[in-house]
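Enquirer: Provided below for reference: sequence and predicted model.
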Amino acid sequence: MSVRELSTGLSYTYNHRLRTATASIVKVDLVVALLLRAQRRHRGLTGWERRSAARAIKVSDNAAASALWSAIGGAPGLAAAHRKLGLRDTTPGPGGAWGATTTSAADQVRLLTALTSPKSPLSARNRRYVLGLMSDVTPEQSWGVSAAGREDVALKNGWLPRPRDGGRWTVNSIGRVRDRHGNMYLIAVLSHRHRTMGAGVKAVEHVAELVTKALSQAAGRR
């Protein structure tokens, strides 16, 4: 996992060597890649691109994600976006398997930074657009890093039983959250090999709550 508190710059990363399948958190990556592509062409998104982006993030629609994958040029297009964003540990999935993209928690915080920093290659309008989608995720998918703070939450989750892990679950959550003290965090929790999806969700939420609480206390002592 990796977390950064925006006002103080305090950050913490645990198990930085872990690389997991993204599952559906890559849908944020796909939308960002689509927006970077549109910016290079000096245009906004088309109607179907906006609809696909909304469905991919708000309800985690897989068909919409596949359409976005094709629109950005598949793995080479996503890799080009990663270079622009400064992602170091993220490798697009093979063929059309966008959910098999592998990543690190630190890279996911770099992606979130691209949605919150004025130094981002994304325009301010496009940063607001993606965060707006992530702030409107369907309620049944709003678990995860939201456990760290229920106010001003923008997130995306991913969950996938993986045959290579004997059918055990990969469960991931990334997002920007504000805790009850007003601290704003960028946080990514990646996990795998859970016996059930529910066990994975419980673990992700526990880690998100525990680590942000510790960072909040550390900020208070500075």
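Expert: The structure has been received and is ready for your questions. Numbers count the residues shown, from 1 in each chain.
Enquirer: contact partners for the spatially most central residue of the chain?
Expert: Centroid-nearest residue in the chain: residue 174, 4.1 Å away (criterion: C-alpha atoms, centre = their mean). Residue 174 sits next to 25, 28, 108-109, 111-112, 145, 155-157, 187-189 when contact means C-beta atoms under 8 Å, 6 or more residues apart in numbering. Glycine gets a C-beta too; all of them are placed from N, C-alpha and C.
Enquirer: how about a cut-off of 6 Å?
Expert: 25, 108, 156, 188 (C-beta atoms under 6 Å, 6 or more residues apart in numbering).
Enquirer: buried subset of these?
Expert: Among the contacts of residue 174, the ones that count as buried by 16 or more other C-beta atoms under 10 Å are 25, 108, 156, 188.
Enquirer: low-confidence bits of this protein, can you list those?
Expert: Judged by pLDDT under 70, the chain has its weakly predicted residues at 220-222.
Enquirer: in the longest helix seen in it, what's buried?
Expert: Scanning the chain for the longest helix, with DSSP state H as the assignment, gives helix 197-221. Neighbour-count burial for helix 197-221 flags 200-201, 204-205, 207-209, 211-212, 215-216 (criterion: 16+ other C-beta under 10 Å).
Enquirer: surely the residue nearest to the centre of the chain is in a strand?
Expert: Yes: under DSSP: H, G, I helix; E, B strand; the rest coil, residue 174 falls within a strand.
Enquirer: beta partners for it?
Expert: Assessed by DSSP bridges, residue 174 has beta-bridge partners residue 156, residue 188.
Enquirer: residue 127 contacts residue 113, correct?
Expert: No: Residue 127 is beyond contact range of residue 113, at 10.3 Å (criterion: C-beta atoms under 6 Å).
Enquirer: joint contacts of these two?
Expert: Common neighbours of residue 127 and residue 113, counting by C-beta under 6 Å, 6+ apart, are absent.
Enquirer: can you get me a residue count around residue 16?
Expert: Using other C-beta atoms under 10 Å, residue 16 has 11 neighbouring residues.
Enquirer: so where do the helices sit in this protein?
Expert: 26-40, 47-58, 62-71, 74-85, 105-114, 124-134, 197-221.
Enquirer: closest to residue 15 out of those?
Expert: Evaluated with C-beta to C-beta, the helices of the chain place helix 105-114 nearest to residue 15, the distance being 7.7 Å.
Enquirer: re earlier: the longest helix of the chain packs against which elements?
Expert: Secondary-structure packing of helix 197-221 (3 or more C-beta pairs under 6 Å, 6 or more residues apart in numbering; DSSP states H and E): strand 168-178, strand 184-194.
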